[in-house]
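# Turn this into a model:
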Amino acid sequence: MSKPADNKQVEGTIERIVFRNDTNGWTVLRLKIGEDDSIITVVGAFQSISPGENCRFGGRWVSDSNFGRQFKADTCLPLAPATLIGIEKFLGSGLIPGIGKVMAKRIVKKFGMETLEVIERFPKRLAEVNGIGDVRAVSISKALVEKREVKNVMVFLESAGISPAYAHRVYKRYGKKAIQVVSDNPYRLASDVHGIGFKMADQIAFHLGVPKDSPYRAEAGLLFALEEFCGEGHVFVPAEELLVRAEQLLEIDVAQLNHALERLKLMGGVVTPAAFASEKTSAPIYLPRLYNAEKGAAAHLQRLLSGTPKRFKKGVEGAVKDAEAKTGIAFADGQKAAFEALAKGNILVLTGGPGTGKTTLLRGLISYLQSERQSIALCAPTGRAAKRMSESTGRQASTIHRLLEFTPRSRGFARDEANPLLQDVVVVDEVSMMDIELFSALLSAIPNNARLVLVGDPDQLPSVGPGTVLSDVLQLGRTLKPGLQMVRLTEIFRQAQSSLIVTGAYEILHGRLPTVGNKGTESDLFMIERETPEDCLEVIRTMVKERIPAAFGFHPVDDIQVLTPMHKGALGASNLNSELQSLLNPNIEGIEFRSHRYSVGDKMMQVRNNYDLDVFNGDIGKVVMIDENKEWLKIDFGFKTVQYPATELDQTTLAYACSIHKSQGSEYPAVVIPIHTQHFVMLARNLLYTAVTRGKQLVVLVGSKRALSLAVRNDGLAHRCSGLVERVLTISD
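Residues are numbered from 1 along each chain as shown. Modelled structure (predicted):
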C-alpha cells in the first residue's frame, strides 16, 4: 500500500464516519484515496457530509499520540459521488429517510450513474423500483434536494472565506437562506453569529466584493468601534470620538459615517438621549443595552433610596455589644459607625483596603441582622469571589447570577422588579468588579422594603465590563444622605501592620516604593531585581518550580499564581503560560486547540462569562479529564466541574499566569509579579496595588526598580464615560 504524500490537500471517497458531534460539526472519518484505495483518517468541523461522497479536504498532516497520522482539515469541498459504489454508499448512509442499504442497492441497479439526477429531477420514476410508491418517491427526492441545498450553502460559505466550523454556525443560524443573507449583507454575521466579529465579517465581505464605502460596512464599523469603547469600560462615548475612531478603522469619509450614524439611530442600533438628539458631535452615543442598564440602575437607586426597610428593634449601642458578644470581636470606632449607618440608611456602602477589618465587620453586621430576625442574601460577581465570601463569613454566598436565578434559555433573570427577592438585606462583596448591566439587574430585583449593603475597595482596578459602579455610588453618597450611607475603614489593625504586603500596598497607594524584605529575612513581600526580560523569566521559572515550594511549602500549581500586566511579550501572560506549562505539566497527551495544548493537570481560566455553564470571567480551575477521542475535557473549578467540547475551548486559557485584571476578586496563597519596563504602557498605581493585594501570604516582585517606580508614580486613572451619577440626580431621559 502506498503512503499518501505529506501535502496540504487530499481528495477521495468517504468510507465511513467514525464520529460526529451534531452540535458543532466536529467529525472523524475514514477517507479512501489514491489508485490503491489507501485509507486515511481525516478530522475537522464539517457539515452534512456522508459515506460515499467524494470530497476534497484542505489542511495539514498531524501526528496524534493515540491515533497516529491524521489529516487535520480546515476546508471541505463536497463533490458528487463518482462511482456506482460511491452513489450506493451515499444513498444508503442513512442520511436520506426512506432509503436503507438494501433499497440503495436496488435504486442504483435500476438507474446506474444517472441515479442522483433521476431522484432530483424525475422523482416519479423512483416508483419503477420495487418497494417505492409515489408518496415515498416524492419524500426521497425532497430529502435529497435539501441535502444538496445544505451542501451548496456550505460550499458558498467556504468560498467566501468562512472556515467549516464557522460555516456550521452560520448555517445553523440562517438555514438555507444563508447564501442570500451573507450575500446581501455579510456584516450581519458580526452581530448574529457568535465568534464572527467585525474584522472577520469584513474579510468575508472583501471575498464577496463588497465595496469599501458600502453603507453596511459603515454601520457595522461604527458599531464595532462603539463595542471597542465599551470593552474599554465606557458606558457611552461622545459622538465625535466615535466618528474619529471609525474613520481610522474604516478609512471612510466622516460625512458618510455621520449619515451611517443617523441611520443607526433611526433603526435603534444606537441610542442618544433626547436632550442631546440635536447635537452632532458631543452627543453621548450608547449601545441600547447599556443605555437601558444605566437608565434602569438610576431609576432603581432612586426607588430604593425612597423605600421603607424594616426598622431595627435594638439601639445601635446595644447592637454593637450584642454582636461583640456573639463574635468575640471588639469593634473599633470606625467599625461601630457602620452599625449606625446600617440602621439609618437604605443603602450602605462599606469600603476599605487590606487589613482594615472589612471581613470582621461584615461578620458583626450579619450577627446584628440575624439578632433582628432579618433575612440576608450574600452574593458576589463571580464564583471565586462568592466562595471567598462564604469562607470569610461562615455563611453561604452565591454569584449574583445565581441569586437572581439566571435562565440560560431566556438569557435573562427570573428575579426582577415583577418577581423580587424575598430577603430583607442583600449584601454584595467585591463591588468594584460589578459592571453597569449586572448592577442594574441586581437593583431591579431588590424590593422597596429591603436594604442593600455594597462592600468593596475603591482603590482596586475598575470592572472589566462597562461602568464605574462603585465610584459612582460613592460620588452619589456625598450628595444623597441620609438614604445612602458611606463608611470607609481606614485604621490598619495591629496584626495586619506586621505584614509588608499590607503596608506595602498602602505605600503604593500613597506614591511611595513599597518596603520589601531582605534576602534571608522573614517577610511576606520580596523583590528580586533583574533588568532584562530573559533574566526575569528565568527567575520566575525558578521561583515557581523550586524556591517558593521549598521555602514556604506552597504547591507550584495550586498555590502560586503569576500575575502580569499584559498578555504579550516575553513577560506577558501568553508566553509565561507556555513556559510554565512546559515546566510544571510537560504532559504531551492532550487536546490541541489553536496552537495550544491542554492536558490533564493543566491550570485553566474562564475568560468570558458563560451564563449557561454558570462560570465567569476569571474563574480558575484544573483539567481533570479528557475523553479518549479528545473531543471534550472537564475542568474542576472548585465550586463545580464543567465539560467543554474541544471546539469551544476559546472561552478558556491556560492560567499558570494571568493578567492582573483577570485576578480581580481572587486571592492566592502566593503571588509572583513580573514588573518590567517592557510593560510601561500598563504600569499604573492601581494596577500594582491590585496585584499586590491578591497575595494572602507571599508576594514576590521580579523586575527592575525603574519599572516599579514608574508604576508607583503613575496615578493617572483612565477616565470612563458614565452617566449614572447625573442620571440619578436629575432622573431625566
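# Distance from stretch 139-159 to the middle of the chain?
34 Å (Cα atoms, centre = their mean, to the nearest Å).
# How about residues contacting it?
For stretch 139-159, the surrounding residues in contact (Cβ atoms under 8 Å, 6 or more residues apart in numbering) are 47-48, 75-78, 95-99, 116, 119-120, 123, 126, 132, 164, 166-167, 170-171, 176, 178-179, 182, 207. Where you see a C-beta, it was placed from the backbone N, CA and C, and this is true even at glycine.
# Can you point out the buried residues in the longest helix along the chain?
Scanning the chain for the longest helix, with DSSP state H as the assignment, gives helix 134-159. For helix 134-159, the neighbour count (16 or more other Cβ atoms under 10 Å) marks 136-137, 140-144, 147, 149-151, 153-158 as buried.
# in the chain, which helix or strand is least confident?
helix 494-497 (a mean of 68; mean pLDDT, DSSP states H and E).
# doesn't Leu31 fall inside a strand?
Yes - using DSSP: H, G, I helix; E, B strand; the rest coil, the assignment for Leu31 is a strand.
# Who does it form a beta bridge with?
Ile14, Ile40 (DSSP bridges).
# Contact partners for it?
Val10, Gly12, Thr13, Ile14, Glu15, Ile39, Ile40, Thr41, Val42, Cys55, Phe57, Phe71.
# again, but for Gln651
Gln651 touches Gln606, Val607, Arg608, Asn610, Tyr644, counting by Cβ under 8 Å, 6+ apart.
# measure it to Lys110 for me?
Between Gln651 and Lys110 the computed distance is 51 Å (Cβ to Cβ, to the nearest Å).
# Tell me which residue lies farthest from the centre of this protein.
Using Cα atoms, centre = their mean, the residue of the chain lying farthest from its centre is Glu128. It sits 57.6 Å away.
# Tell me the confidence at the closest residue to that one other than its chain neighbours?
Sequence neighbours aside, Lys110 is the residue nearest to Glu128 in space, at 6.4 Å (criterion: Cβ to Cβ, 6 or more residues apart in numbering). Note on Lys110: pLDDT of 88.
# what residues are up against Asn575?
Leu537, Lys568, Gly569.
# among those, which ones are buried?
Buried, going by 16+ other Cβ under 10 Å: Leu537, Gly569, out of the contacts of Asn575.
# Run through the stretch 351-500 of the chain and note the low-pLDDT ranges.
Scanning the stretch 351-500 of the chain for pLDDT under 70 picks out 494-496.
# Which stretches in it count as helices?
Here the stretch 351-500 of the chain has its helices, by DSSP state H, counting those that start in this stretch, at 358-371, 383-393, 400-403, 436-444, 469-477, 494-497, 500-509.
# In strands, which of the contacts of Asn575 fall?
Assigned to strands by DSSP state E, none of the contacts of Asn575 qualify.
# do you know how far the residue minimising distance to the centre of the chain is from Asn419?
Nearest to the mean C-alpha position of the chain, by Cα atoms, centre = their mean, lies Arg608 at 0.7 Å. To Asn419, Arg608 is 27 Å away according to Cβ to Cβ.
# got it, and Ala684?
For Ala684, the distance to Asn419 - Cβ to Cβ - is 42 Å.
# Of those two, give the one with the bigger neighbour count.
Shown here are Ala684 and Asn419; by other Cβ atoms under 10 Å, Ala684 has more neighbours (21 against 13).
# So the more buried one is in contact with Asn714, correct?
Yes - in this structure, Ala684 is within contact of Asn714 by Cβ atoms under 8 Å, at 4.8 Å.
# sorry, back to before: select only the buried ones of the contacts of stretch 139-159 in ChimeraX?
In ChimeraX, this line selects whichever of these come out buried by 16+ other Cβ under 10 Å:
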select :47,48,75,76,77,78,95,96,98,99,116,119,123,126,132,164,166,167,170,171,178,179,182
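# that older thread, now do the contacts for the residue nearest to the centre of the chain.
Here Arg608 is in contact with Asn617, Gln651 (criterion: Cβ under 8 Å, 6+ apart).
# next one: Glu430
Ala380, Pro381, Thr382, Ala385, Met389, Val455, Gly456, Gln664, Gly665.
# Apply 7 Å and report the result again.
By Cβ atoms under 7 Å, 6 or more residues apart in numbering, the residues touching Glu430 are Ala380, Pro381, Ala385, Gly456, Gly665.
# give me the number of residues near the last one?
In this case it means Gly665. 27.
# With Thr407 instead?
Thr407 has 12 nearby residues by other Cβ under 10 Å.
# got the contact list for it?
Ala414.
# what does Gln70 give?
Per Cβ under 7 Å, 6+ apart, neighbours of Gln70: Thr41, Val43, Val62, Asp64.
# out of those residues, what pair is the most spread apart?
Thr41 and Val62 (10.1 Å; Cβ to Cβ).
# between the two, who's got more neighbours?
Ranked by neighbour count (other Cβ under 10 Å), Thr41 and Val62 place Thr41 first, with 16 against 13.
# And the nearest residue to the more buried one once chain neighbours are set aside, how far from Phe593?
The shortest distance from Thr41 to any non-neighbouring residue, by Cβ to Cβ, 6+ apart, is to Gln70 (4.5 Å). Using Cβ to Cβ, Gln70 is found at 15 Å from Phe593.
# got the buried residues for the host helix or strand of Asp322?
Assigned by DSSP states H and E, Asp322 belongs to helix 316-327. Neighbour counts using 16+ other Cβ under 10 Å place Val316, Ala319, Val320, Asp322, Ala323, Thr327 of helix 316-327 among the buried residues.
# list the helices and strands that helix packs on?
helix 333-344, helix 358-371 (3 or more Cβ pairs under 7 Å, 6 or more residues apart in numbering; DSSP states H and E).
# does Arg69 count as helix, strand or coil?
Arg69 ends up strand, using three-state DSSP.
# Need the phi and psi values for the closest residue to it other than its chain neighbours.
With Cβ to Cβ, 6+ apart as the criterion, Arg69 has its nearest non-adjacent residue at 5.6 Å, and that residue is Ser63. Dihedral pair for Ser63: phi -110, psi 120, per degrees, to the nearest 10.
# How much space separates Ser63 from Lys8?
16 Å.
# The two: which is more packed in?
Legend: neighbour count by other Cβ under 10 Å for Ser63 and Lys8, higher for Lys8 (13 against 8).
# quick one, what contacts that one?
Contacts of Lys8 by Cβ under 7 Å, 6+ apart are Gly58, Gly59, Arg60.
# So which of those residues belong to strands?
Per DSSP E, those map to strands at Gly58, Gly59, Arg60.
# how about the nearest residue to the first one, chain neighbours excluded?
With Cβ to Cβ, 6+ apart as the criterion, Gly58 has its nearest non-adjacent residue at 4.0 Å, and that residue is Thr75.
# The residue nearest to Thr41 pairs with what?
Val62.
# hang on, isn't the residue nearest to Glu128 packed against Gly131?
No - with contact defined as Cβ atoms under 7 Å, Lys110 does not reach Gly131; the gap is 11.3 Å.
# More neighbours: which of those two?
Taking other Cβ under 10 Å, Lys110 and Gly131 do not tie; Lys110 has more neighbours (16 against 11).
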